[in-house]
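# from the sequence below, what's the structure:
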Amino acid sequence: MHSGKLVGSVDRRRIELAEHLRKLLVVCTTRTTTAQAPAPTGATALLKRAVKGAAAPSSDISGDLLDALLAVANKALECGYDDELNLALVISDTVLAHRKNSRAGWRLRARLLETLGDEPAAVAAYERYLDLTDDDGFGVRAKVAGLRAAADKERDLLALLRRQCPRAEEFAGRPATDVWAEGLAAHAVGDWTEAEPRLVGALLTLAAEDAPVADRQELLSQYLDLRLAADRGPAALPGLTAALALYAEQRRTRMRGPVADPTIGGVQWISLGEFRNLIAGKSICLVANSGRVGASSLGAEIDAYDLVVRFNSYRIDPEHTGSRTDIHATIHKHGFNWDRPVTTRLVFGGVSGDWKYSLRNRLVPGAQKHLGDESLRWPVRNIGRLSADAWPGIPTTGFNMLYLLDFLDVSPTLDLIGFDFYESGAYRVPEAMKLAITSVHEYTSEKEWVMQRAQRVTDLRISLR
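Next up, the predicted model:
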């Protein structure tokens, strides 16, 4: 039914959702359906259903079907519309009813609850996810800490507003929508003395009723904008400054989580030229996260290179993968292995702002000596100048790293170990094994580029120098 709603959609997110629904329907070739009464609509109804949960069905679902369901739910959650949130909720209910210890199911549940604005329930679901995993590659612990700290700051802000505007108590407890409208009407005629207690009273009521976070945040923002515009003179400035500081801190903490060390542990930022000097004259091997490497018995040979490069969610098994990592190249979107000590960490990302945000939130102080600066952020596009016309696909982390090393051309040995472009499956840390091999990359084009430059090729090794 939902697939039918998406026909002809012009929203990119819904087009991607339609593709994942198509894949789900391929997996689920035979399915028994039962008629159900129409579910209530709207974000509030969804939130009530999400908190209540669903009864456990009697049958089970296969691993392939589970993965396809989760892929659909994640795309639906990205859309953010009520219809898609309802779809994600149905899938969340189903997954956790069948697999009560599903890590992906609990993380989906937590993200859904966070989107719907029920942060206490989201924190509980995130903590359930953390209980089930040893590798927090998605930064959930920082997320939980941020949500808790933000809730504390929001309570501090409301307590401050209560003290600054004692008359707000007269209006707290009345219907928030009506009181807020009265406050706006008073402000419209220039009567801030009557407007402010009503606006603050409505905010206190929303907090007492545990209204969705998005609603509370929107009205807090509107109230502060109106208070700024009121301009009551220098005497009011300290109180306004204090309120704005608390508002900004709770917003910032909710978005990024607390940052223990804003200086990033005294890391040495390196540019393209400085990275070149670090690798010049040294033999380098790039180790793929492939099933072939995981059974290679090449550990000793890998560790014999001067520099060992690993990628994203790499997994260490000394007999097969070697034990040393000198350079960790990773996409900015995931946090796998960022806490593993390495000499150099290169973080790749296509959008400068998102890249900086991830560094600010994910980088672990003391876990790296050198960190690539913006000149090393996106080698294929920014160094190679390969536009989307010349290279339509989004370059993988491995291809960005290999392109960079080939471009610099200062290594006497440049070997790729186990690069079969996922023909043998993935070999990653356990938490990352369920990540889909995404279709946005041009694996065929990357393989062709590599083979055109290969000097020697064996079953497990491709030598470019």
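
# pLDDT-wise, which helix or strand of this protein ranks last?
helix 43-52 (a mean of 63; mean pLDDT, DSSP states H and E).

# following that helix, which helix or strand shows up next?
helix 63-79 (DSSP states H and E).

# how far does that following helix sit from its chain's centre?
In terms of CA atoms, centre = their mean, to the nearest Å, the centre of helix 63-79 is found 16 Å from the chain centre.

# that one - contacts with which helices or strands?
For helix 63-79, the packing partners by 3 or more CB pairs under 8 Å, 6 or more residues apart in numbering; DSSP states H and E come out as helix 12-27, helix 82-98, helix 103-116. All C-beta spots, glycine's among them, are computed from the backbone N, C-alpha and C.

# any chance of the ones you listed in JSON lines with distance to residue 336 and mean neighbour count as columns?
Formatted as JSON lines, the helices and strands packed on helix 63-79 follow (distance: least, CB to CB, whole Å; neighbours: other CB atoms under 10 Å):
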{"stretch": "helix 12-27", "distance to residue 336": "23", "mean neighbour count": "16"}
{"stretch": "helix 82-98", "distance to residue 336": "23", "mean neighbour count": "21"}
{"stretch": "helix 103-116", "distance to residue 336": "14", "mean neighbour count": "24"}
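
# quick one, which of these gets closest to residue 247.
With CB to CB as the measure, helix 103-116 is the member of these nearest residue 247 (19.4 Å).

# now the closest one and helix 63-79, what's the angle there?
Relative orientation of helix 103-116 and helix 63-79, computed by axes from the mean of the first three to the mean of the last three CA atoms, to 10 degrees: 20 degrees.

# residues contacting helix 103-116, please?
For helix 103-116, the surrounding residues in contact (CB atoms under 8 Å, 6 or more residues apart in numbering) are 43, 46-47, 50-51, 70, 73-74, 77, 80, 85, 88-89, 91-92, 95-96, 99, 119, 121-123, 125-126, 128-129, 132-133, 138, 140, 147, 212, 431, 434.

# contact partners for residue 275?
So residue 275 contacts 344, 346, 370, 372, 376, 404, 408 (CB under 8 Å, 6+ apart).

# got the contact list for residue 294?
Counted by CB under 8 Å, 6+ apart, residue 294 has contacts 315, 317, 320-321, 427.

# again, 7 Å this time
317, 320, 427 (CB atoms under 7 Å, 6 or more residues apart in numbering).

# lowest mean pLDDT across the helices and strands packed on helix 63-79, which one is that?
For those, mean pLDDT drops lowest on helix 12-27, to a mean of 90.

# quick one: that one to chain centroid distance?
Distance of helix 12-27 from the chain centroid (CA atoms, centre = their mean) equals 21 Å.

# do the same with stretch 72-87
Worked out by CA atoms, centre = their mean, stretch 72-87 lies 16 Å from the chain centre.

# keeping just the C-alphas, turn that stretch into CSV.
Extracted in CSV, the C-alpha atoms of stretch 72-87 (Å, rounded to 0.1, in the frame of the first residue of the first chain):
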residue,chain,number,x,y,z
VAL,A,72,12.9,0.3,4.6
ALA,A,73,12.4,1.7,8.1
ASN,A,74,15.7,3.6,8.0
LYS,A,75,14.8,5.2,4.7
ALA,A,76,11.3,6.0,6.0
LEU,A,77,12.7,7.6,9.1
GLU,A,78,14.9,9.9,6.8
CYS,A,79,11.7,11.1,5.0
GLY,A,80,10.2,12.4,8.3
TYR,A,81,6.6,12.7,7.1
ASP,A,82,3.8,11.3,9.2
ASP,A,83,3.1,8.5,6.7
GLU,A,84,6.7,7.4,6.6
LEU,A,85,7.0,7.7,10.4
ASN,A,86,4.0,5.4,10.7
LEU,A,87,5.6,2.9,8.4
